[in-house]
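Trainee: give me a 3D structure for the following:
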Amino acid sequence: MPLTLLHLDDHLAVIDKPAGLLVHRTTLDAHEDDAALQRLRDQLGRPVWPVHRLDRGTSGVLVFALQAEVASQLGVALSERLTHKRYLALVRGWPAQDRGTVDHPLARDPELPSAGQPMLDAQTHWECLQRFTVPVSTHPQFPDTRLSLLACEPVQGRRHQIRRHLKHLAHPIVGDANHGKGPLNRTLAAHLGVQRMWLHALTLRLQHPVTGAPLTLEAPPGPEWARWLPPAAAR
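Mentor: Residues are numbered from 1 along each chain as shown. Got it, this is the predicted structure:
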């Protein structure tokens, strides 16, 4: 399937990455030979360089450079926090407040025990957009399940930052196999008829590395998000 292009010029190609697609091939998924990098390279007929990454289960805005030097420039912009990212996340439970900031250091590698690893500064701003009650039990004590739609803005780009911070907040992302709740994920996937991690990279704002023009890149949420979205959620 061709990838949906959100932006294309002589220096950048921006796609709407589908949930479940790797950004590039990796030894962690040695059996998987389909990835966004190879698919986009074949689609455009030229080399491409990933500027950042999205987890396999995350959908949304993903930027590739069309020259190595452009990729390097954008990598610096990301590391120096000169970009602004906004995500949508469907989580378990109702936050007590309408907005807040998770300020919680994270170990460099989420796949390894935190003990002995350097702890890295990490903050994520969040806002609750909607609260829901789903008529299905995912816990023996409750007949229904509470869910919330959050907008999340990570200050840094630590690996799994939003996923780990929402787990720390006790509101894990629905469908997150690593940082979420297995029984809840399985029950809701069966009830909703959708098997995915409910995290979507909605917008990315940055300065064009060559022209200097401001760019706002946006990937509208897919149709599976329609039941959760308030009218202003994607603004």
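
Trainee: alpha carbons only for contacts and neighbour counts from here, please
Mentor: OK.

Trainee: Val91 against Cys152, yeah?
Mentor: No. Counting by C-alpha atoms under 8 Å, Val91 does not reach Cys152; the two are 11.3 Å apart.

Trainee: ok, now which ones touch His160?
Mentor: Going by C-alpha atoms under 8 Å, 6 or more residues apart in numbering, His160 touches Asp55, Pro110.

Trainee: kindly recompute the last result at 6 Å.
Mentor: For His160, the contact set (C-alpha atoms under 6 Å, 6 or more residues apart in numbering) is empty.

Trainee: any idea how far it is from Thr58?
Mentor: 10 Å (C-alpha to C-alpha, to the nearest Å).

Trainee: any chance you could map the helices in this structure?
Mentor: Along the chain, counting by DSSP state H, helices occupy 36-44, 68-79, 161-168, 182-192.

Trainee: quick one: mean pLDDT for the last one?
Mentor: Translated: helix 182-192. Here helix 182-192 scores 94 as its mean pLDDT.

Trainee: can you check stretch 126-145 too?
Mentor: On average, stretch 126-145 scores 94.

Trainee: check stretch 222-233 too.
Mentor: 84.

Trainee: stretch 47-60 now?
Mentor: On average, the pLDDT along stretch 47-60 is 95.

Trainee: got the CA coordinates for that stretch in CSV?
Mentor: Extracted in CSV, the C-alpha atoms of stretch 47-60 (Å, rounded to 0.1, in the frame of the first residue of the first chain):
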residue,chain,number,x,y,z
PRO,A,47,17.0,7.4,-0.7
VAL,A,48,15.3,8.7,2.4
TRP,A,49,16.6,9.3,6.0
PRO,A,50,14.4,9.0,9.1
VAL,A,51,14.6,12.2,11.2
HIS,A,52,12.9,10.8,14.3
ARG,A,53,11.0,7.6,15.2
LEU,A,54,7.6,6.5,16.2
ASP,A,55,6.9,3.3,18.0
ARG,A,56,5.5,0.5,15.8
GLY,A,57,2.1,0.8,17.4
THR,A,58,1.9,4.6,17.1
SER,A,59,0.3,6.2,14.1
GLY,A,60,0.7,9.7,12.7
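
Trainee: count of neighbours near the closest residue to Gln73 other than its chain neighbours?
Mentor: Nearest non-adjacent residue to Gln73, counting by C-alpha to C-alpha, 6 or more residues apart in numbering: Pro209, 6.4 Å away. Using other C-alpha atoms under 10 Å, Pro209 has 18 neighbouring residues.

Trainee: likewise Arg131?
Mentor: 17.

Trainee: how far away is it from Cys152?
Mentor: Distance of Arg131 to Cys152, given as C-alpha to C-alpha: 15 Å.

Trainee: tell me which residue of the chain is furthest from the middle?
Mentor: Gln141 (31.2 Å; C-alpha atoms, centre = their mean).

Trainee: and that residue, how close does it get to Leu90?
Mentor: 22 Å.

Trainee: and His7, by the same measure?
Mentor: Here the criterion is C-alpha to C-alpha. By it, His7 lies 27 Å from Leu90.

Trainee: Gln156 now?
Mentor: Taking C-alpha to C-alpha, one finds Gln156 at 21 Å from Leu90.

Trainee: give me the more crowded residue out of the two.
Mentor: A direct count of neighbours by other C-alpha under 10 Å for Gln156 and Leu90 places Leu90 higher, at 24 against 20.

Trainee: that one pairs with what?
Mentor: Under DSSP bridges, the beta-bridge partners of Leu90 are Leu149.

Trainee: so it is in contact with Arg146, correct?
Mentor: No. Using C-alpha atoms under 6 Å, Leu90 is not in contact with Arg146; the gap is 10.6 Å.

Trainee: any idea how far Leu188 is from the nearest residue to Asp103 once chain neighbours are set aside?
Mentor: What sits nearest to Asp103 in space, not counting adjacent residues and going by C-alpha to C-alpha, 6+ apart, is Gln123, at 4.5 Å. The spacing between Gln123 and Leu188, counted by C-alpha to C-alpha, is 29 Å.
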